[in-house]
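A.B. asks: What follows is a predicted protein model with its sequence.
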Amino acid sequence: DEANGTIVKLEHRKLGIDLISEPRLAGNFRLLVPLAEWRGHYIQGHEQKLRECRRTASGAELSWGPLVSRSGNFDIDFTLQIVIDGDDVSFSYSIDNRSGALVEEVVTPMLGGLANEAENEDWRFHHTDMVGKGQEWRFYKDFPGSYLGPAKPVWFEPYPHKTVLPWVDIYNPKTRVGFS
């Protein structure tokens, strides 16, 4: 989205994968910036004005800052790099924090609006635990997340404390497509 930089489209045209079917739930990043009076203070990326979107030879670089929340303005710049290499897309970020406040947690990319009603029985979510044993669920039906308010659950597994790999796999064994 040109106004706030939310990721409203992520697709692989050749394979026919369109991951975001509900752009109203799109996201980009979230920062935990605890305040003395509010430990759970988050700065939501979808509430920020996109400062710059620069196309690169292999993707794009999106920049926001200074960041704002209901608790005030924060002299923090956040940059999201998106690199496309063949079938792969990679996300990385950088933060320039001049605010004096601690950025305790970064969640990015935030892909909201993942839905596929026609194939929701077929998509699988797979991750490894601390000993490398795979665990798998039907992505849309049995997802083992916690309910934090949205219509579908949120799942968080800290790496390297509870999983040996810093990624998960979401795939459809019938169509042999997926992403990590």
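C.D. replies: Perfect, I can see it now.

A.B. asks: For Ala36, see how far away the spatially most central residue of the chain is.
C.D. replies: Nearest to the geometric centre of the chain sits Met110, at 2.1 Å (Cα atoms, centre = their mean). As defined by Cβ to Cβ, to the nearest Å, Met110 lies at a distance of 26 Å from Ala36. Every residue, glycine included, has its C-beta placed from N, CA and C.

A.B. asks: how would you label Arg51: helix, strand or coil?
C.D. replies: Classification of Arg51 by DSSP: H, G, I helix; E, B strand; the rest coil places it in strand.

A.B. asks: residues contacting it?
C.D. replies: 63-65 (Cβ atoms under 8 Å, 6 or more residues apart in numbering).

A.B. asks: again, only this time at 6 Å
C.D. replies: 63-64 (Cβ atoms under 6 Å, 6 or more residues apart in numbering).

A.B. asks: likewise Asn73?
C.D. replies: Pro66.

A.B. asks: beta partners of it?
C.D. replies: The partner list for Asn73 in beta bridges (DSSP bridges) reads Val68.

A.B. asks: What does the pLDDT read for it?
C.D. replies: In this model, Asn73 is scored at 96, pLDDT.

A.B. asks: if I look at it, how far off is Gly65?
C.D. replies: 10 Å.

A.B. asks: so where's this protein shaky on pLDDT?
C.D. replies: For the chain, applying pLDDT under 70 flags the ranges 114-116, 143-156.

A.B. asks: mind redoing it with 50?
C.D. replies: 149-150 (pLDDT under 50).

A.B. asks: shouldn't Met110 be in contact with Ala26?
C.D. replies: No - look at Met110 against Ala26 with Cβ atoms under 6 Å: they stay out of range, at 8.3 Å.

A.B. asks: Quick check: phi and psi at the nearest residue to Leu10 once chain neighbours are set aside.
C.D. replies: Closest residue in space to Leu10, ignoring its immediate chain neighbours: Leu19 at 4.5 Å, by Cβ to Cβ, 6 or more residues apart in numbering. The phi and psi values for Leu19, taken as degrees, to the nearest 10, are phi -80, psi -30.
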